[in-house]
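Engineer: my questions are about this predicted structure, shown below with the sequence.
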Amino acid sequence: MTTTYAQARIEADEKVPMIHIHRDFRATPAQLFRAHTDPEVFARWVGPADVGAVIDYWDARDGGSWRYTTAGRVGTAFRGCFHTVTEERIVQTFTWEGMPEGVALETVTFEDLGDGRTRLHATSLCDSFEARDGWLASGMETGVDDGYAAIDRMLEAGEL
């Protein structure tokens, strides 16, 4: 039996301070790549449904950087640098500016499942187990689930 991820599966790694997220989409890898690299598209789906994003700058290329602020109830900023940007894999840093000493290394891959679906696998390598556990306790699953549902809606509407 093959595992499918109709909803996001968020798991803590037992050996390193890492979070794994798996999610299948009825999409091509190119569509998911665009959702993660096009700033206008990214701003439409990232985060909880009741919190929008305003892109301050976005340069999705090897060596580029990014920053966005939340536009809704929270008003927080996030920033990072892109290290590798290919259609199969994005590697970037991620920092919440409320805790600027905490930098995570994130990798997102897009696996073509061959049947009109693509599996997203995201990892976030945190500075410590304490930081990782703080992320997991923060309610991050709400933002992940809402964001991925927004991608589903954009795909269904032909907007990606």
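Structural biologist: Happy to help now that I have it. Numbering: from 1, shown residues only.
Engineer: max-length helix in the protein?
Structural biologist: For the chain, the longest helix by residue count, based on DSSP state H, is helix 140-156.
Engineer: buried ones in that helix?
Structural biologist: For helix 140-156, the neighbour count (16 or more other CB atoms under 10 Å) marks 140, 143-148, 150-152, 154-155 as buried. C-beta: built from backbone N, CA, C; applies to glycine.
Engineer: okay, those residues in TSV with pLDDT and distance to P29 next?
Structural biologist: Below are the buried residues of helix 140-156 laid out as TSV (pLDDT from 0 to 100; distance: CB to CB, whole Å):
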residue	pLDDT	distance to P29
M140	88	24
G143	90	23
V144	95	19
D145	95	21
D146	95	22
G147	95	18
Y148	97	15
A150	96	19
I151	97	13
D152	97	16
M154	97	16
L155	98	13
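Engineer: burial measure for I21, as a count.
Structural biologist: When neighbours are counted by other CB atoms under 10 Å, I21 registers 20.
Engineer: so for it, what's the nearest residue that isn't a sequence neighbour?
Structural biologist: Excluding its sequence neighbours, the residue lying closest to I21 (CB to CB, 6 or more residues apart in numbering) is A122, at 4.3 Å.
Engineer: repeat for M18
Structural biologist: Nearest to M18 is L125, by CB to CB, 6+ apart, at 4.8 Å.
Engineer: pLDDT score for that neighbour?
Structural biologist: pLDDT, L125: 98.
Engineer: isn't it up against V103?
Structural biologist: No - when contacts are counted by CB atoms under 8 Å, L125 is not listed as touching V103 (9.6 Å).
Engineer: distance check, G80 against Y57.
Structural biologist: For G80, the distance to Y57 (CB to CB, to the nearest Å) stands at 11 Å.
Engineer: also H36?
Structural biologist: As for H36, its distance to Y57 is 16 Å (criterion: CB to CB).
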